[in-house]
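[1] need a structure here:
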Amino acid sequence: MDFAWTPEQQRLRDEVVAFARESLNGDVVGRDAENEFSRDAWRKCAGFGIQGLPVPEEFGGGGADALTIMLVLEALGYGCRDGGLVFSINAHMWACEIPIVTFGSHDQKKRYLPGLCDGSLIGAQAMTEPESGSDAFSLSTAAEKDGDVYVLNGTKTFVTNAPVADVFVVFASTDRSKGFAGLSAFVVERGTEGLSVGRPFQKMGLRTSPMSELVLSDCAVPEANLLGRPGAGMALFNASMGWERGFILASAIGTMQRQLERSIDYARDRRQFGQPIGSFQAVSHKLADMKVRLETARLFLYKLGWLKAHGKDTAMDSAMVKLHVSECLIQSSLEALQIHGGYGYVEDYEIERDVRDALASRIYSGTTEIQRNIVARHLGL
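    This next block holds a predicted model:
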């Protein structure tokens, strides 16, 4: 496996970092406190080409390969301190764009993908329900065929981007007698009669990424908005999650790199007992552990990208990457806070926000426990 970047890829990484630092970090502390999503930053990212990375060029995207996408997302996480914005972009790409790219008809791709790439549309996926979390396929939302429309009824929750989204990929049962084999997915546009978006949740972290409930009450969706065939919902969701689990934490590698560099600088400059705190093993060992976590997580991620690029089955590897990188991100964020001491606990230093943002990585895109279940299943257990 060769993970060496070409000169063109390295230039792209440098360009992403420079763009993010210059354009995406305005008043992150204030926007985090106000739970404010930046549509301006969203459009800037789209203008740079980030949202279009996994979309074919014929539909307005960049048609990038898996490793290049990982490189860009890593650079974005390094240069952009707004973890919520980065998370919203990931949710948009993997949970909305990828299902349309993979299962959408040519007309659906032409209708939705250009806007999802250029920033004029924001995407979301509605799968989770109040009574179904990790048991993702036990849905109560139903879709009944009525002529040339499907009528959807049900409630979705924890829908990332819902308060600002224009396009929703919604999962519902079209045949309850078939269980998970009777699930289907639909593209539902904001403004469709019977679709209502709840108030944004007040969250512990990722506050600049809005989230809310989605209620469908006799919501009539054209049959033309069915993604794939009836009953393809499980296959669509699993395909989407294969990308999401593997890629959603690529930006975390950049975040961990930024945390490490900042913590090293602080350990060199901060003096206690007449010497830099980095000279104490209690601090230097934390920095060494942060470095080890960063490099193991990065190599694990790049291996997954290589496997994706070569058409290999990545179901188990995606789960392992999600599990390992999330644990590394949380622990390194906590170490960075500890190294900064009282300053790390203060909002203006932005370390505490990294900790709050990191904790959700054990939950979204399948909990840590679910990832372990997936790995164990692939081991034949």
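
[2] ok, and what's touching the worst-scoring helix or strand of the chain on mean pLDDT?
    Here the helix or strand of the chain ranked lowest by mean pLDDT, DSSP states H and E is helix 233-247, holding a mean of 90. Contacts to helix 233-247, defined as Cβ atoms under 8 Å, 6 or more residues apart in numbering, come from residues 54, 66, 69-70, 73, 90, 93-95, 98-99, 102-103, 125, 127, 136-137, 171-172, 180-181, 183-185, 227-228, 301, 304-305, 308, 314-315, 317-319, 321-322, 365-366, 371. Placement of C-beta: from N, CA and C, glycine included.

[3] Any quick PyMOL command for the buried ones out of those?
    Buried members of the contacts of helix 233-247, defined by 16 or more other Cβ atoms under 10 Å, are picked up in PyMOL with:
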select buried, resi 54+66+69+70+73+90+93+94+95+98+99+102+103+125+127+136+137+171+172+183+184+185+227+228+301+304+305+308+314+315+317+318+319+321+322+365+366+371
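
[4] quick one: which of the contacts of helix 233-247 sit in helices?
    66, 69-70, 73, 90, 98-99, 102-103, 301, 304-305, 308, 315, 317-319, 321-322, 371 (DSSP state H).

[5] Where does the prediction get shaky in the protein?
    By pLDDT under 70, the low-scoring segments of the chain are 133-137.

[6] Report the central residue of it.
    Nearest residue to the geometric centre of the chain (Cα atoms, centre = their mean): Asn90, 3.4 Å.

[7] Output stretch 373-380 as CSV, restricted to C-alpha atoms.
    What follows is stretch 373-380, C-alpha atoms only, in CSV (Å, rounded to 0.1, in the frame of the first residue of the first chain):
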residue,chain,number,x,y,z
ASN,A,373,-20.8,-5.7,17.2
ILE,A,374,-20.1,-5.3,13.5
VAL,A,375,-16.4,-6.2,13.9
ALA,A,376,-17.4,-9.3,16.0
ARG,A,377,-19.9,-10.4,13.4
HIS,A,378,-17.2,-10.3,10.7
LEU,A,379,-15.1,-12.4,12.9
GLY,A,380,-17.8,-15.0,12.9
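
[8] Just give me how far it sits from the chain centre.
    In terms of Cα atoms, centre = their mean, to the nearest Å, the centre of stretch 373-380 is set 23 Å apart from its chain centre.

[9] Touching it from outside, list them.
    For stretch 373-380, the surrounding residues in contact (Cβ under 8 Å, 6+ apart) are 315-316, 319-320, 323, 366.

[10] For that stretch, which residues meet the burial criterion?
    For stretch 373-380, by 16+ other Cβ under 10 Å, it's 374-375.

[11] what are the ranges of the helices in the chain?
    Under DSSP H, the chain gives helices at 7-23, 28-33, 39-48, 66-79, 83-92, 98-103, 106-118, 233-247, 250-269, 281-309, 315-344, 351-359, 368-378.

[12] and Thr208, which of these is closest to it?
    Closest to Thr208 of these, according to Cβ to Cβ: helix 83-92, at 3.1 Å.

[13] what angle sits between that closest one and helix 351-359?
    Angle, helix 83-92 to helix 351-359, by axes from the mean of the first three to the mean of the last three Cα atoms, to 10 degrees: 20 degrees.

[14] could you give the angle of helix 83-92 to helix 106-118?
    Going by the same axes, to 10 degrees, helix 83-92 makes 170 degrees with helix 106-118.

[15] Surely Gly228 and Ala185 touch.
    Yes. Using Cβ atoms under 8 Å, Gly228 is in contact with Ala185, at 6.9 Å.

[16] shared neighbours, those two?
    What both Gly228 and Ala185 touch, as defined by Cβ under 8 Å, 6+ apart, is the set 103, 236.

[17] about what we covered before: so the residue nearest to the centre of the chain touches Leu73, yeah?
    Yes. Shown here, Asn90 and Leu73 form a contact pair, counting by Cβ under 8 Å, at 7.4 Å.

[18] Overlap in contacts, those two.
    247, 251.

[19] how near is Arg258 to Ser332?
    10 Å (Cβ to Cβ, to the nearest Å).

[20] Revised request: answer the last question for Val355.
    Val355 is 10 Å from Ser332, by Cβ to Cβ.

[21] repeat for Tyr150
    46 Å.

[22] Which of the two has more residues huddled nearby?
    Comparing Tyr150 with Ser332 by other Cβ atoms under 10 Å, the one with more neighbours is Ser332, at 29 against 23.
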